[in-house]
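Asker: Build me a model from this:
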Amino acid sequence: MERVDDRRRFLTSGVVELGYLFETVRTDVTIVEMRDALLPREDPDVAEAFTDIAAERHEIHTGHRVTAVEAAFQDVLVRVEPTRGPIPRQLYYDRVPQVTMAEPRQARRDRLFEQLDDDVDAAFLAPSESLFYFTGLSMHKSERPALAVVTPESPPALVVPQLEVDRALDAMPDADCFTYGDATDPVSAARPAFADLVDDRGISGPVAAEYRATRLLELDLFADRFGFDDVRDLGPTAAALRARKDDTELETMRRAAAITDEILQATFEEITPGMREVDVERELRRRVLDSEADEYGVGIVTSGPRTALAHTNTGVREIETGDLLMIDMGVVLDGYYSDITRTVAVGEPGEEAREIYDVVRTAARRSRETVAEGVAYQELDRAAREVIEDAGYGEYFPHRVGHGLGLEGHEPPYLVEGNDETVAVGNAFTIEPGVYVPELGGVRIEDDVVVTENGAESLTSTTRELQVL
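Answerer: Have a look, this model is predicted:
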């Protein structure tokens, strides 16, 4: 098994993006040349292109000794030489990258071990949203096992196939990689690499893994070293930490919600009778592709009697004049989801449809107004449910009033009867009461809400008044 340590991949001098350099360099370097990062890579005058403007902006200059504790400067490229020792491998970017979140992710790992039992030696993170949250590494599950191993004292370590090393180290430049090659049985190929990692870190157990995200495939990888009784569930601890969003996460979610609002309203303006539900969803997807969002997150479009199906798939029914039309959609931005539902009318709706709409709108407002630090999550459900039951539609409200939102479209906390845990600053969740009457149709109004020091904030702003298209 090859142990790959990024610090062995050296260059003696080279052009690097300064913000990236400061995230990973562990030795001092001296700047010998600088230029503006926005100039094309192939610019023939690259050696002379750096201007005094950038130097003044960042108060740096050639001959300046740079250490890892200085701030990241995203718009400057530098040519560096070592003051002492070698320089870790760096990447050249044609586009200036986002500054990584190395320190916040280390702080998250520190908080993780503060919450875990004292006897837990290590946390095993399979490809999942929690892997991204704690390490910055985004990987999909495949037939090739991959695990990040974090411990209270040592740098993180990874078991990854050789073809994933570069991606892994781009996200986790301080990690040690224990690799394996392709084989007909990837688990057997990975098992010795995992054993080397465990021995290197001195892990004897117990350990923690997220039951919900860890497959039997990964469990098989470390079953020889740790019995099932030695593997604690990391899930509740990870969920509790992820539920308290920091300012950076909340700002990303605000942007995602704003993009979603814009796309939804623009799509409403294109809807006409005769379109099919699937045509509306295609329009949503097209607009997402043209937006700042990374991908289309969730989507259900129903019309007419099919709006009485609380959860279903987008169909091929043609929209008719007088129909209710329900759109449940969201986007993903930098890993974070938005999730909004609006019900509109295509032409004038019937009297009972308007009545149901008013009931649901009132229920949603009542639930949002109940949001406050220290209030039990179940009270948010009760607030909406009371309005709907008093109006005589209680039997047609079959689901909880909301769910947590973040790196997943559905995650804790769950706003449901029986959940007496309390709302906390940093929580983000949906509030989405609905009434679904068979043969008539249904109404759901869903908003994304975050809890700040100043109280509840609705991220989604598309009007809650009934829109008649």
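Asker: quick one: average confidence on stretch 289-302?
Answerer: Average pLDDT, stretch 289-302: 92.
Asker: Using neighbour counts, pick out the buried residues of it.
Answerer: 291, 293, 296-302 (16 or more other CB atoms under 10 Å). Where C-beta positions appear, they are placed from N, C-alpha and C, glycine not excepted.
Asker: residue contacts, residue 210?
Answerer: The contact partners of residue 210, by CB atoms under 8 Å, 6 or more residues apart in numbering, come to 125-126, 128, 130, 233-235, 238.
Asker: Same question for residue 430.
Answerer: Contact analysis of residue 430 by CB under 8 Å, 6+ apart lists 339, 402-403, 405, 415, 446-449.
Asker: for those, which one is nearest residue 180?
Answerer: Residue 180 has its nearest neighbour among the contacts of residue 430 in residue 405, at 36.4 Å by CB to CB.
Asker: Give me the spatial nearest neighbour of that closest one, chain neighbours excluded.
Answerer: residue 428 (4.9 Å; CB to CB, 6 or more residues apart in numbering).
Asker: For residue 359, which non-adjacent residue is spatially closest?
Answerer: Counting by CB to CB, 6+ apart, the residue nearest residue 359 is residue 391, at 4.4 Å.
Asker: ok so, going back, among the contacts of residue 210, which ones are buried?
Answerer: 125-126, 128, 130, 234-235, 238.
Asker: follow-up on the earlier one: Throw the contacts of residue 430 into a markdown table and include distance to residue 107 and pLDDT, thanks.
Answerer: Below are the contacts of residue 430 laid out as a markdown table (distance: CB to CB, whole Å; pLDDT from 0 to 100):
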| residue | distance to residue 107 | pLDDT |
| --- | --- | --- |
| 339 | 27 | 97 |
| 402 | 28 | 98 |
| 403 | 26 | 98 |
| 405 | 22 | 97 |
| 415 | 28 | 98 |
| 446 | 32 | 98 |
| 447 | 30 | 98 |
| 448 | 25 | 98 |
| 449 | 25 | 98 |
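Asker: Just the buried ones from these, in PyMOL syntax?
Answerer: Those of the contacts of residue 430 that count as buried under 16+ other CB under 10 Å are selected in PyMOL with:
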select buried, resi 339+402+403+405+415+446+447+448+449
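Asker: Can you tell me which of the contacts of residue 430 end up in strands?
Answerer: Taking DSSP state E as the definition of strands, these contribute 402-403, 415, 447-449.
Asker: in the stretch 351-469 of the chain, which spans are helices?
Answerer: Taking DSSP state H, counting those that start in this stretch as the test, the helices found in the stretch 351-469 of the chain are 351-370, 377-390.
Asker: Can you lay out the ones you listed as JSON lines showing distance to residue 268 and mean pLDDT?
Answerer: Output for the helices of the stretch 351-469 of the chain, formatted as JSON lines (distance: least, CB to CB, whole Å; pLDDT from 0 to 100):
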{"stretch": "helix 351-370", "distance to residue 268": "15", "mean pLDDT": "97"}
{"stretch": "helix 377-390", "distance to residue 268": "24", "mean pLDDT": "98"}
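Asker: Quickly compare those and say which is most buried.
Answerer: When the helices of the stretch 351-469 of the chain are scored by mean count of other CB atoms under 10 Å, the highest mean neighbour count falls to helix 377-390 (a mean of 21).
Asker: export that helix as CSV, just CAs?
Answerer: Taking C-alpha atoms only, helix 377-390 is exported to CSV below (Å, rounded to 0.1, in the frame of the first residue of the first chain):
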residue,chain,number,x,y,z
TYR,A,377,-40.2,22.0,17.4
GLN,A,378,-43.5,20.3,17.9
GLU,A,379,-45.1,23.6,18.8
LEU,A,380,-44.5,24.8,15.2
ASP,A,381,-46.4,21.8,14.0
ARG,A,382,-49.2,22.4,16.5
ALA,A,383,-49.6,26.0,15.6
ALA,A,384,-50.3,25.2,11.9
ARG,A,385,-52.3,22.1,12.7
GLU,A,386,-54.6,24.0,15.0
VAL,A,387,-55.6,26.4,12.3
ILE,A,388,-56.3,23.7,9.8
GLU,A,389,-58.2,21.5,12.2
ASP,A,390,-60.4,24.5,13.3
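Asker: Alright, that wraps it up for me.
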